[in-house]
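A.B. asks: sequence plus the predicted model coming up.
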Amino acid sequence: MDRLKDKIAIITGAAGGIGRVAAELFVKEGAKVVLADKDSENGAKAAKEICALSPNSAIFFPLDVTDKQSWGQCIEQTLNTFGKLNILINNAGVSFRETVEETTMESWQTTLAVNQTGVFLGIQSALEVMKTNGEPCAIVNTASVDGLRGDSVFFAYCATKAAVEAMTKCAALCCAENSWPIRVNAVAPGYILTPMAYEDARQNGQTIEEYCAESVKLHPIGHLGKPEDIAYAYLYLASDEASFVTGTTLAVDGGYTCR
């Protein structure tokens, strides 16, 4: 229960889904967590529920991942409350079910702003404080199997997730070459049953049951993933157990990318 003892983490997109589950898991493993999300109502509720289980272990910050000033304020609040920052989980993301022909400038720019610029700003903002805190630090970005293989109906999403993998490698090299105590890795989830999956089903005119029945065929393991599957991958990469792991993308995908 102490894999993250005395560590301080920021998790974006933590108001629900994978981020919410990861926040609770991190606290159980000894960390204190800043739940960062634009969804103030559910984010504040999640932090309150976590604190009910472990007093003073979590706070909420209304973060706009696309805004550099908002990132600065989030980091400042983290330092003011907990004194340091050891872990950043860049989990926030959006997707639109659109081919290259169907993608609009609005959906393209929104996807890039959240999935790509948001990760860039998160990495850059975290590095400023992590590189001088004298303790092992970790940044974990959220890529996707769609960034590894591509999908014709998620044009913008695939582009941004491929970019996340490249940014992960570049940032990892930068930290290593400067001897900063920061590892940078990514997790590439397969299809996970989250609120985003429900939205994808809606965009495709499917019930969630129809969506799951179709999606499970893509995963040789025979079932979809759970938010906990990704949260535990975050936990490993954020912990000191992964001290020799940097610049890699860990696929947690039920065999999706084996084919």
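C.D. replies: It's in.
A.B. asks: only C-alpha atoms for contact and neighbour calcs from this point on.
C.D. replies: Will do.
A.B. asks: what about the residue lying closest to Thr257 once chain neighbours are set aside, neighbour count?
C.D. replies: The shortest distance from Thr257 to any residue other than its chain neighbours is 6.8 Å, reached at Val145 (Cα to Cα, 6 or more residues apart in numbering). As a burial measure, the neighbour count of Val145 was computed by other Cα atoms under 10 Å and equals 22.
A.B. asks: where does Val145 land on pLDDT?
C.D. replies: The predicted local confidence for Val145 comes out at a pLDDT of 97.
A.B. asks: next one: Glu199
C.D. replies: According to the model's per-residue confidence, Glu199 sits at a pLDDT of 86.
A.B. asks: off-centre distance for the strand or helix carrying it?
C.D. replies: Secondary-structure element containing Glu199, defined by DSSP states H and E: helix 195-203. The chain centroid and the centroid of helix 195-203 are separated by 18 Å under Cα atoms, centre = their mean, to the nearest Å.
A.B. asks: now for that helix, which elements pack on it?
C.D. replies: Using 3 or more Cα pairs under 8 Å, 6 or more residues apart in numbering; DSSP states H and E as the contact criterion, the elements in contact with helix 195-203 are helix 208-215.
A.B. asks: pull the residues that contact the helix it packs on.
C.D. replies: With Cα atoms under 8 Å, 6 or more residues apart in numbering as the test, helix 208-215 has contacts from Tyr191, Ala197, Tyr198, Ala201, Arg202, Leu224.
A.B. asks: what is the nearest of those to Val129?
C.D. replies: For these, the residue nearest Val129 by Cα to Cα is Tyr191; the value is 33.7 Å.
A.B. asks: so who does the closest one touch?
C.D. replies: Under the contact definition (Cα under 8 Å, 6+ apart), the residues listed for Tyr191 are Ala197, Ser215, Leu224, Gly225, Asp253.
A.B. asks: how about a cut-off of 10 Å?
C.D. replies: Residues touching Tyr191, when contacts are defined by Cα atoms under 10 Å, 6 or more residues apart in numbering, comprise 144-146, 197, 212, 215-216, 218-219, 223-227, 252-254, 256.
A.B. asks: in strands, which of the residues you listed fall?
C.D. replies: Cross-referencing those against strands under DSSP state E gives Val252.
A.B. asks: OK, contacts around the residue nearest to Thr257?
C.D. replies: Taking Cα under 10 Å, 6+ apart, we find Val145 in contact with 151, 158, 161-162, 187-191, 250-253, 256-257.
A.B. asks: just the ones of those in helices?
C.D. replies: Secondary structure defined by DSSP state H assigns Cys158, Lys161, Ala162 of the contacts of Val145 to helices.
A.B. asks: so Val34 lies in a strand, does it not?
C.D. replies: Yes: when classified by DSSP: H, G, I helix; E, B strand; the rest coil, Val34 is found to be part of a strand.
A.B. asks: state the distance from it to Lys7.
C.D. replies: Distance check for Val34 against Lys7: by Cα to Cα, to the nearest Å, it reads 11 Å.
A.B. asks: mind listing the shared neighbours of these two?
C.D. replies: Taking Cα under 10 Å, 6+ apart as the criterion, Val34 and Lys7 both touch Phe82, Leu85.
A.B. asks: more neighbours, those two?
C.D. replies: Of the pair Val34 and Lys7, Val34 is the one with more neighbours under other Cα under 10 Å, namely 28 against 24.
A.B. asks: okay, and the beta partners of that one?
C.D. replies: Note on Val34: beta-bridge partners Ile10, Ile59, judged by DSSP bridges.
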